[in-house]
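S.K.: My questions are about this predicted structure, shown below with the sequence.
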Amino acid sequence: MPSVVRSLLLLALAALSASASPHDLHDHDHAAPRALPGRWYHHEDHPAYALFRRGDTDGATYPAVGSPEWSAGYPDTDVTKGTPQAWIDALNAAVKAGKVPNIPVATSTGGNPTYPQGFDPNGPEVCSATYKCRNKEDLWDAPDGVFGSSFDDGPLPTSMPLYEFLKQNNVITTHFMIGSNILWNADAFTYAFETLESDIAVHTWTHPYMTTLSNEQVIGELGWTMELIHNSTGGRLPKYWRPPYGDSDERVRAIAKEVFGLTTVIWNQDTEDWSIGESTGTTRPKVDASLKEWITGPKSPGLIILEHELTNNTVGAFMQAFPLIAQNGWKFESVARLDGGSVYQNSDDDTDDVTPQAVGVFAAASPSPPASDASSTASSSSNSKPTGTGTVTSGSSSPVSTGSTANPSATGAAQDHKNGAMSRFGSPMSWHSAALATSLSVLAAAFALS
Ligand SMILES: *[C@@H]1O[C@H](CO)[C@@H](O)[C@H](O)[C@H]1NC(C)=O
Ligand SMILES: *[C@@H]1O[C@H](CO)[C@@H](O)[C@H](O)[C@H]1NC(C)=O
Ligand SMILES: [Zn+2]
């Protein structure tokens with residue numbers, strides 16, 4: 001995607017973030033009901049120890065979710081800023097050992113990310129999920145007869161009707177959460193994790209096209225989201241991540257796996273629910289019809305439908321279709337439980353004890369590279385922290401006046417790959433809906449964007 005679009009997206013995210021200060025709405029005590037046991041669960045030589053424990057304490061006392069201390073240490077939009085040395089070391093060790101394919105970073109000008117000539121996106125070397133190349137280790141299908149449920153892009157203020165619905169119906173799902181959204185919607189996060197006891201997974205920090213990022217940026221996008229979830233759930237490490245736009249390739253997938261132990265999840269059906277209401281988007285009746293068709297259709301393979309906790313309509317379509325799932329004999333299952341194993345890398349679920357796990361096993365096996373590799377990365381970050389945008393109201397219905405200027409690539413490039421992982425390139429700003437665009441308009445006034 002053009003860098004201008006990306007920076008606008010990132011700025012908008014930051015503005016949206018500023019809209020719901022995590023420090024204000026804290027009228028009750030979130031102090032970790034699931035604090036870690038006194039003894040840290042990794043041995044000293046376990047790499048996860050280095051990746052996710054950097055202080056003198058064993059993590060038994062994490063700041064309350066939503067408190068200023070809890071949110072203080074995370075980046076806003078520049079995920080390469082202040083990257084922990086341990087992550088860089090783990091990345092460099094994986095690269096050095098040939099575990100991370102040395103394929104080019106993809107480029108995008110508003111359409112599918114592309115690779116230089118000689119690099120076939122469908123070939124085994126690149127194997128881009130955007131082009132529907134399936135790496136066997138990735139999760140695309142549910143087992144026969146199983147409806148594998150998940151929701152992307154939360155937590156958001158709009159998530160709550162979904163969470164309450166799930167609670168009422170006594171089911172849980174997998175939430176592929178955006179790190180920066182967790183930071184600014186602490187109450188919704190806490191509800192999903194503690195009250196609903198739903199499964200938390202990774203959907204990056206700023207929702208970029210991951211194949212267009214450098215190795216160091218990939219590390220930041222995944223690592224900070226991992227760390228925030230880890231530090232907000234009594235030390236649980238997510239086991240699954242879903243690339244925004246389904247955009248992953250062998251390089252990105254390898255970094256996720258080798259450094260953070262993450263398994264990549266895509267999907268096998270896409271209603272494009274996120275685009276309801278967009279000028280070139282789908283409609284609610286079409287989304288409803290697609291859901292009905294699939295749920296009343298063949299049971300093999302099982303379904304993993306891309307769904308979003310973004311708007312009244314994306315959530316509403318799911319709620320309307322929900323009774324059909326049981327009526328048609330499907331087993332409803334959270335995506336993170338499809339393999340029958342633990343939800344997290346180090347815990348069975350949201351209430352079980354945390355136990356040893358395997359993040360970055362590979363990194364431990366190799367010596368650390370010279371520190372110079374990392375310091376150059378860390379210092380290359382720019383300072384883009386927006387300030388003074390605290391009056392933006394998330395979810396406000398203000399006119400989306402800057403939408404067209406903010407989205408120069410919205411015309412033409414839309415690709416409608418039915419059932420495919422590529423459906424959202426046409427409008428890179430749309431995934432976050434009006435709230436984001438509203439934030440963007442405020443930002444545009446506050447910053448000289450060129
Ligand atoms: C996460 O928790 C660890 C302690 O386990 C702490 O060292 C680290 O600073 C926390 N991260 C952030 C960004 O607050
Ligand atoms: C969506 O909006 C309609 C009309 O305002 C309302 O009746 C419905 O409860 C809303 N659904 C959700 C999921 O919030
Ligand atoms: Zn998403």
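M.R.: Received the coordinates, thanks. Ligands and ions are numbered 1, 2, ... in the order given.
S.K.: Only alpha carbons, please: show the helix or strand harbouring Ser71 as CSV.
M.R.: Assigning secondary structure by DSSP states H and E places Ser71 in helix 68-72. C-alpha atoms of helix 68-72 as CSV (Å, rounded to 0.1, in the frame of the first residue of the first chain):
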residue,chain,number,x,y,z
PRO,A,68,-1.8,4.2,33.2
GLU,A,69,1.1,1.8,34.2
TRP,A,70,-0.4,-0.9,32.1
SER,A,71,-0.6,1.2,28.9
ALA,A,72,2.5,3.3,29.4
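S.K.: does ligand 1 sit close to the helix or strand following it?
M.R.: Downstream of helix 68-72, the first helix or strand assigned by DSSP H and E is helix 85-96. No. Helix 85-96 stays clear of ligand 1 (Cβ under 6 Å from any ligand atom), getting no nearer than 10.8 Å. C-beta: built from backbone N, CA, C; applies to glycine.
S.K.: Counting neighbours, which bits of the following helix or strand past helix 85-96 end up buried?
M.R.: Using DSSP H and E, the helix or strand that follows helix 85-96 towards the C-terminus is strand 146-152. For strand 146-152, a neighbour-count test (16 or more other Cβ atoms under 10 Å) marks 146-152 as buried.
S.K.: right, is the helix holding Ser71 up against ligand 1?
M.R.: No. Using Cβ under 6 Å from any ligand atom, we find that helix 68-72 stays clear of ligand 1, coming within 6.7 Å at best.
S.K.: buried sites along that helix?
M.R.: Those would be 70-71, for helix 68-72 by 16+ other Cβ under 10 Å.
S.K.: One more: stretch 270-279?
M.R.: Buried residues in stretch 270-279 (16+ other Cβ under 10 Å): 270-276, 278.
S.K.: So for that stretch, first residue to last residue, what's the gap.
M.R.: Terminal residues of stretch 270-279 are spaced 18 Å apart (Cα to Cα, to the nearest Å).
S.K.: Let me see the backbone angles for Asp270.
M.R.: The phi and psi values for Asp270, taken as degrees, to the nearest 10, are phi -140, psi 120.
S.K.: Just confirm it contacts Ile305, I think it does.
M.R.: Yes. Between Asp270 and Ile305 there is a contact at 7.2 Å, judged by Cβ atoms under 8 Å.
S.K.: Neighbours of Lys96, how many?
M.R.: Summarising burial for Lys96: neighbours were counted as other Cβ atoms under 10 Å, giving 14.
S.K.: no, scratch that, I was asking about Phe176
M.R.: Phe176 has 29 nearby residues by other Cβ under 10 Å.
S.K.: Write down the beta-bridge partners of it, one by one.
M.R.: Asp152, Ala201 (DSSP bridges).
S.K.: Looking at the buried residues of stretch 270-279, which has the smallest pLDDT value?
M.R.: Among the buried residues of stretch 270-279, Glu278 has the lowest pLDDT, at 89.
S.K.: quick check, that one in a helix?
M.R.: No. Under DSSP: H, G, I helix; E, B strand; the rest coil, Glu278 sits outside any helix and is assigned coil.
S.K.: Distance check, it against ligand 1.
M.R.: 35 Å (Cβ to the nearest ligand atom, to the nearest Å).
S.K.: any idea how far ligand 2 is from that residue?
M.R.: 18 Å.
S.K.: likewise Phe119?
M.R.: Taking Cβ to the nearest ligand atom, one finds Phe119 at 43 Å from ligand 2.
S.K.: next one: Glu333
M.R.: Distance from Glu333 to ligand 2, by Cβ to the nearest ligand atom: 22 Å.
S.K.: quick revisit: any idea which of the buried residues of stretch 270-279 is the one closest to ligand 3?
M.R.: Proximity of the buried residues of stretch 270-279 to ligand 3 (Cβ to the ion) peaks at Trp274, which lies at 7.6 Å.
S.K.: wait, is the closest one part of a helix?
M.R.: Yes. Under three-state DSSP, Trp274 sits within a helix.
S.K.: Assess the claim that it and His308 are in contact.
M.R.: Yes. The criterion here is Cβ under 8 Å, and Trp274 meets it with His308 at 5.0 Å.
S.K.: where does this structure have low pLDDT?
M.R.: Scanning the chain for pLDDT under 70 picks out the ranges 1-61, 355-450.
S.K.: All the strands of it, residue numbers only.
M.R.: Using DSSP state E, the strands assigned to the chain run over residues 146-152, 174-177, 199-202, 240-241, 263-264, 269-270, 303-306, 331-334.
S.K.: Okay, buried residues for stretch 314-327 please.
M.R.: Across stretch 314-327, burial judged by 16+ other Cβ under 10 Å covers 314-318, 321-322, 325.
S.K.: and those as CSV, adding distance to ligand 2?
M.R.: Below are the buried residues of stretch 314-327 laid out as CSV (distance: Cβ to the nearest ligand atom, whole Å):
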residue, distance to ligand 2
Thr314, 9
Val315, 5
Gly316, 5
Ala317, 9
Phe318, 9
Ala321, 13
Phe322, 12
Ile325, 17
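S.K.: now those residues as TSV including distance to ligand 3?
M.R.: Formatted as TSV, these follow (distance: Cβ to the ion, whole Å):
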residue	distance to ligand 3
Thr314	11
Val315	14
Gly316	18
Ala317	16
Phe318	15
Ala321	20
Phe322	21
Ile325	22
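S.K.: roughly how far apart are the residue in the stretch 201-350 of the chain positioned nearest to ligand 3 and Val265?
M.R.: Nearest residue of the stretch 201-350 of the chain to ligand 3: Pro244, at 4.5 Å (Cβ to the ion). Distance of Pro244 to Val265, given as Cβ to Cβ, to the nearest Å: 12 Å.
S.K.: neighbour-wise, which of these two wins?
M.R.: Applying other Cβ under 10 Å to Pro244 and Val265 shows that Val265 carries more neighbours, namely 26 against 22.
S.K.: Quick one: name the residues of the stretch 301-450 of the chain near ligand 2.
M.R.: Near ligand 2, when you scan the stretch 301-450 of the chain using Cβ under 6 Å from any ligand atom, you find 312, 315-316.
S.K.: In the stretch 101-250 of the chain, which residue sits closest to ligand 1?
M.R.: Nearest residue of the stretch 101-250 of the chain to ligand 1 (Cβ to the nearest ligand atom) works out as Asn231 at 3.8 Å.
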